[in-house]
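Novice: next input, structure requested:
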Amino acid sequence: MRTRPLPAWVDVGLLPIVNLALAFGVAGLIALAVGVDPRDAVRLMLEGAFGSAEAIGYTLYYATNFIFTGLAVALAFHAGLFNIGGEGQAALGGLGVGLVALACDDILPAPLLIPLAIAAAGLFGAAWAAIPGWLQAYRGSHIVVTTIMFNFIAASLIVFLMVNVLIAPGSMSPESRPFGASARLPFLHELLGGLGLAPSPLNLSAVLAALCCVAVWLLLFRTAWGFELRTMGHSPSAALYAGINTKRLTVMVLCLSGALAGGVGVNEIIGVHHRLLLDFTAGYGFGGIAVALMGRNHPVGVVLASLLFGGLVQGGAELSFAMPSVTRDMVVVIQGLVILFSGALANLARPWLEAGFARLGRTAHESAG
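Specialist: Below is the predicted model of the structure:
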């Protein structure tokens, strides 16, 4: 049976919703298998993620990290590059933030120190991504291999620095000394206390993430450079024929992608923890891949997918607390199913939808005739 391509609104909007429903359907079957009512589990997750001002604050805090890494992956995708090094780039971004804070928190005021720390996050993340970009462009090394290798190198580098160089004197835990007050991003509930916001880790980096979304949209769809980037992603040979320097563009795109991933360091290091520490990236770099896939590599889609994943993290934590039979591992399984159906099985439902819309089209045509 011949089918027609799906309408754009179905491909961008309905298909991800169907994939999400399939993921939660399988998760519901697993919940039944362990003796948990899926309806109660869904209710508790929704209440835990969106049922109070505090819960919403935590959800938005987690979503902020996913926005940074999702934008990083999406930008590279548009250029035909699969950057899975967001974890390492975020870690180096956090290192840049921490070094600036440790060096300047007693000599610079917050209006000067905070922009400098944000710039350091972008610079360190960009520098870490530039190496795989250069290897891809000028030496033919595959970007997937090099970026995932650099994740492990970044992790080892951070461990060495935290254990041997940056650890606070006399500390038994591998973390730096606390930052001074000038190196701390304000929490939104402190800035907007009159609006009744509950205390949460949500801080001004959420505003930075929103600005990055707008900037990426403008860059991709409203600039000549963005057109060149998307041309390279659709057809590298056409880009070369048009005179686009694809090698230089590859390095530039990876640098911007790494700079976006470095935003996780801003949110975590000067936004929440106020010190350098290990494992603050917490898998956000890998989660950004699923966010970009579910969001169809569009900034608006990335925001919506980030809210979903932020809600899964926050709601899952509340679910495991309210239902002892649902362990933290079970919550990770639910998150993994969403990633599976949004990524590897993203087109599973496409033939069904195409067949359904083709049947509707024939029915409408016959009725009109």
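
Novice: show me where the stretch 201-350 of the chain has its helices.
Specialist: Remark: helices of the stretch 201-350 of the chain, listed N- to C-terminal, are 205-221, 224-234, 236-241, 246-261, 263-265, 284-294, 299-322, 328-342, 350-368; assignment by DSSP state H, counting those that start in this stretch.

Novice: run the chain-centre distance for the fourth one.
Specialist: Which is helix 246-261. The gap between where helix 246-261 is centred and where its chain is centred comes out at 17 Å by Cα atoms, centre = their mean, to the nearest Å.

Novice: could you give me the buried positions within that helix?
Specialist: Judged by neighbour count (16 or more other Cβ atoms under 10 Å), helix 246-261 contains these buried residues: 246, 249-261. Where C-beta positions appear, they are placed from N, C-alpha and C, glycine not excepted.

Novice: on contacts alone, who are the packing partners of it?
Specialist: Contact partners of helix 246-261 among helices and strands, from 3 or more Cβ pairs under 8 Å, 6 or more residues apart in numbering; DSSP states H and E: helix 53-78, helix 86-104, helix 110-139, helix 224-234, helix 236-241.

Novice: that one versus helix 53-78: what angle between them?
Specialist: Computed with axes from the mean of the first three to the mean of the last three Cα atoms, to 10 degrees, the direction of helix 246-261 lies at 170 degrees from that of helix 53-78.

Novice: kindly report the same for the second one.
Specialist: Relative orientation of helix 224-234 with respect to helix 53-78: 70 degrees, computed using the same axes, to 10 degrees.

Novice: now do helix 224-234: everything it contacts.
Specialist: The contact list for helix 224-234 (Cβ atoms under 8 Å, 6 or more residues apart in numbering) reads 77-81, 218-220, 238-239, 242, 244, 246, 249-250, 253.

Novice: can you say which of these are buried?
Specialist: The buried subset of those (16+ other Cβ under 10 Å) comprises 77-81, 219-220, 239, 244, 246, 249-250, 253.

Novice: next one: stretch 54-74 to chain centre, how far?
Specialist: Here the centre of mass of C-alpha atoms in stretch 54-74, compared against the chain's by Cα atoms, centre = their mean, lies 7 Å away.

Novice: again with stretch 136-155
Specialist: Between the centre of stretch 136-155 and the centre of its host chain there is 19 Å, according to Cα atoms, centre = their mean.

Novice: again with stretch 316-333
Specialist: Taking Cα atoms, centre = their mean, the mean C-alpha location of stretch 316-333 is offset from the chain mean by 22 Å.

Novice: same question, stretch 261-277
Specialist: Taking Cα atoms, centre = their mean, one finds stretch 261-277 lying 14 Å from the centre of the chain it belongs to.

Novice: mean confidence for it?
Specialist: Confidence over stretch 261-277, taken as the mean pLDDT, stands at 96.
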